[in-house]
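Q: Sequence first, then the predicted structure, then my questions.
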Amino acid sequence: MIVAVRPPSIAITGRFQPFHRDHLDLVVHGLKLADRVIIGITNPDRRSLKAVPSSAHRHQAGANPFTYLERQRIIRAALNGAAVDLGRYEIVPFPLDAPNVWPDYISLSTPQLVRVFSDWERDKVTTLRNGGYEVVVLDGDPADRISASNVRAAMAAGQPWQHWLPRGSAEALISFSGQNLEQRCARVDQDE
């Protein structure tokens with residue numbers, strides 16, 4: 001009989017622009033699979049953003065309105081609001097476009113948890129596996145998906161968006177963005 005060994009940690013990576021309820025659900029799922037979740041924030045340095053064929057908007061300024069530190073604060077507020085113990089997670093940078101440094105942030109022995117909705121996530125699974133990670137794949141239903149693009153579009157238009165974010169994270173986001181939130185989410189790239 002083969003007994004699956006519970007990994008001490010599992011990783012979840014994403015831009016989290018911003019961290020919304022689907023992201024929190026993925027973290028909670030990860031905590032059922034492992035003792036700790038390592039949350040890797042991709043694109044930690046906005047100056048290194050690059051176009052990706054399977055996700056045309058990922059490199060655009062309007063798709064990346066929040067800094068690495070701001071995203072950390074939003075995630076911590078969401079996890080605090082969900083009563084996730086501080087000892088059960090860690091937040092680290094994870095430059096997805098620099099596989100040579102991945103082990104500096106998340107050990108190759110840590111499985112990655114990816115929910116797949118589109119070609120982008122399928123490509124991400126392949127990229128992580130090619131980089132040496134075991135990847136646990138969850139199938140996502142695109143009809144039920146919360147899209148950070150929709151959240152940012154609502155922010156840019158001054159429409160309601162708070163219902164898509166976990167308790168605590170909307171307040172954290174408003175605390176450092178204030179009235180500037182619409183402008184930050186409406187930015188466009190200068191080269192477009």
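A: Ah, there it is.
Q: Skipping its backbone neighbours, what lies nearest G81 in space?
A: Closest residue in space to G81, ignoring its immediate chain neighbours: G168 at 2.9 Å, by Cβ to Cβ, 6 or more residues apart in numbering. In this view, the C-beta of every residue, glycine as well, is placed from N, C-alpha and C.
Q: L173 too?
A: Counting by Cβ to Cβ, 6+ apart, the nearest residue to L173 once its immediate chain neighbours are dropped is I74, at 5.5 Å.
Q: And T13, by the same measure?
A: T13's closest residue in space is G40 (Cβ to Cβ, 6+ apart), at 3.8 Å.
Q: Just want the phi and psi numbers for that neighbour.
A: Phi and psi for G40, reported as degrees, to the nearest 10, are phi -100, psi 120.
Q: So it versus V92, what's the distance?
A: Going from G40 to V92 by Cβ to Cβ, to the nearest Å gives 6 Å.
Q: Compare the two (neighbour count), which wins?
A: G40 (23 against 15; other Cβ atoms under 10 Å).
Q: Okay, the more buried one and V114: tell me how far apart.
A: Distance from G40 to V114, by Cβ to Cβ: 11 Å.
Q: who touches both of these two?
A: Common contacts of G40 and V114, defined by Cβ atoms under 8 Å, 6 or more residues apart in numbering, comprise I12, T13.
Q: okay, the residue nearest to T13: pLDDT?
A: At G40, the model reports a pLDDT of 97.
Q: Might one say that it is in contact with Y89?
A: No. Using Cβ atoms under 8 Å, G40 is not in contact with Y89; the gap is 11.2 Å.
Q: mind saving the C-alpha coords of the lowest-mean-pLDDT helix or strand in the chain as PDB?
A: Lowest mean confidence among the helices and strands of the chain (mean pLDDT, DSSP states H and E): helix 181-186, at a mean of 78. The C-alpha coordinates for helix 181-186 follow below in PDB (Å, rounded to 0.1, in the frame of the first residue of the first chain):
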ATOM      1  CA  LEU A 181      -7.100  53.900  -6.600                       C
ATOM      2  CA  GLU A 182      -9.100  54.800  -9.800                       C
ATOM      3  CA  GLN A 183      -6.000  56.500 -11.400                       C
ATOM      4  CA  ARG A 184      -3.700  53.600 -10.500                       C
ATOM      5  CA  CYS A 185      -5.900  51.000 -12.100                       C
ATOM      6  CA  ALA A 186      -6.600  53.100 -15.200                       C
END
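Q: my read: V125 touches V116, true?
A: Yes. At 6.5 Å, V125 counts as touching V116 under the criterion of Cβ under 8 Å.
Q: ok so, going back, which strands and helices sit next to the least confident helix or strand of the chain?
A: helix 148-157, helix 169-177 (3 or more Cβ pairs under 8 Å, 6 or more residues apart in numbering; DSSP states H and E).
Q: Can you give me the buried ones in it?
A: By neighbour count on 16 or more other Cβ atoms under 10 Å, the buried set for helix 181-186 is L181, R184, C185, A186.
Q: how close does the last one get to L165?
A: If I follow you right, that is A186. According to Cβ to Cβ, A186 stands 18 Å off from L165.
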